[in-house]
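Student: return atomic coordinates for the entry below.
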Amino acid sequence: MPLAMLLQATQIEPLPEEAAATATELADTATAAAAATAHEGINYIDLMLKASLPVQLIVLLLLVGSVISWVIIFRKARIFKLANRDADEFENRFWSGADLGKLYSGATDRNRRVTGLEAIFEAGFREFARLRDKRGFDARAQLEGAQRAMRVSYTREVDQLERNLELLANIGSTAPYVGLVGTVFGIMVTMHDMLNSGEQTGIAAVAPGISEALFATAIGLFVAIPAVWAYNRFTTRVERLAVRYESFAEEFSTILQRQSTIE
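Tutor: Below you'll find the model as predicted:
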């Protein structure tokens, strides 16, 4: 037998099971590599730097709105916290049996600014005392004058609490639509580039444009959700403080009515 035929006869062929295992390992490796590539983190900064100019301007506008809304949120949270604290402190002093004249003197102290319940008390007592010192005014006229002064002060205090809430509502209601405009522009630019290229493109070619378009929508929701939540929460707190101020004004009117009747 020739040597070549002998070597060919002794050559060992791979078993079918081994070949199948090798193919499976290669497929698993390729699948793992593809999955790792697909699940890589998105570079949002690079995504926006490569976005079209309209999308960049819209995202910048949304970020400015987000900064404004968060500034309002933190400021209003502090204002409502102080308003509730001042109301608690003044009610404790008022219902502890303190003299109204002393409370009024403390409210008119020029070294500090009175707000909330103390401002309503100061306005009502000042007008009541002014009309009481004048001749020709009966008890009913004194009480009505004090009530008018307290209503004016009440309106002023509630207006201070509601300040900037309208801007917060506008940001929360318009941000999703502004983000949607960015989405429309992003898709329009992507489709226009596809038509100009004149070539058949797949998902890899249109994915960046679609990503920047959807990113604009996501930014719009990111801006809107905290603004809407804060607006609803602050509106409720304004209503609660307004009821508290109005109730105090009614109770103080009753006290002034008793005083005018005694006098």
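
Student: please tell me how far the nearest residue to residue 160 once chain neighbours are set aside sits from residue 172.
Tutor: Distance criterion C-beta to C-beta, 6 or more residues apart in numbering; nearest residue to residue 160, sequence neighbours excluded, is residue 115 at 7.4 Å. C-beta coordinates here come from the backbone N, C-alpha and C atoms, glycine included. Going from residue 115 to residue 172 by C-beta to C-beta, to the nearest Å gives 27 Å.

Student: name the element residue 157 belongs to?
Tutor: Using DSSP states H and E, residue 157 maps to helix 139-162.

Student: quick one: contacts of that helix?
Tutor: Contacts of helix 139-162 with the rest of the structure, by C-beta atoms under 8 Å, 6 or more residues apart in numbering, involve 79-80, 83, 115-116, 119-120, 122-128, 130-132, 137, 237-238, 241-242, 245-246, 249, 252-253, 256-257, 260-261, 263.

Student: try it again with 7 Å
Tutor: Identification of contacts with helix 139-162 by C-beta atoms under 7 Å, 6 or more residues apart in numbering yields 83, 115-116, 119-120, 123-124, 126-128, 131-132, 238, 241-242, 245-246, 249, 253, 256-257, 260-261.

Student: next structured bit after it?
Tutor: Downstream of helix 139-162, the first helix or strand assigned by DSSP H and E is helix 165-197.

Student: what residues of that next one count as buried?
Tutor: Buried residues in helix 165-197, counted by 16 or more other C-beta atoms under 10 Å: 165, 168-169, 171-172, 174-176, 178-187, 189-190.

Student: which strands or helices does the lengthiest helix in the chain pack on?
Tutor: Criterion DSSP state H: the longest helix present in the chain is helix 203-262. Counting by 3 or more C-beta pairs under 7 Å, 6 or more residues apart in numbering; DSSP states H and E, the packing neighbours recorded for helix 203-262 are helix 44-49, helix 53-94, helix 116-133, helix 139-162, helix 165-197.

Student: between the third one and helix 53-94, how big is the angle?
Tutor: This points to helix 116-133. 50 degrees (axes from the mean of the first three to the mean of the last three C-alpha atoms, to 10 degrees).

Student: so which bits of helix 116-133 are buried?
Tutor: Buried residues in helix 116-133, counted by 16+ other C-beta under 10 Å: 116-128, 131-132.

Student: let me know the closest of those residues to residue 55.
Tutor: residue 116 (45.9 Å; C-beta to C-beta).

Student: show the pLDDT at the closest one.
Tutor: pLDDT for residue 116: 90.

Student: what sits against it?
Tutor: Counting by C-beta under 7 Å, 6+ apart, residue 116 has contacts 83, 86-87, 157, 245.

Student: closest to residue 214 among those?
Tutor: residue 83 (41.3 Å).

Student: follow-up on the earlier one: I'd say the residue nearest to residue 160 and residue 85 touch.
Tutor: No: contact criterion C-beta atoms under 7 Å: residue 115 and residue 85 do not qualify, at 11.0 Å.

Student: compare those two (neighbour count), which wins?
Tutor: Each of residue 115 and residue 85 has its neighbours counted (other C-beta atoms under 10 Å); residue 115 has more, 19 against 11.

Student: next one: phi and psi at the more buried one?
Tutor: phi -140, psi 170 (degrees, to the nearest 10).

Student: just residue 114 next, same as before
Tutor: Backbone torsions of residue 114, given as degrees, to the nearest 10, read phi -90, psi 140.

Student: so how far is residue 157 from it?
Tutor: Per C-beta to C-beta, residue 114 is found 10 Å from residue 157.

Student: show me which of these two is the more surrounded one.
Tutor: Taking neighbours as other C-beta under 10 Å, residue 114 and residue 157 compare with residue 157 leading, 21 against 18.

Student: quick check: residue 164 vs residue 222, distance?
Tutor: Distance from residue 164 to residue 222, counting by C-beta to C-beta: 20 Å.

Student: more neighbours, those two?
Tutor: Neighbour count, other C-beta under 10 Å: between residue 164 and residue 222, residue 164 has more, with 17 against 14.
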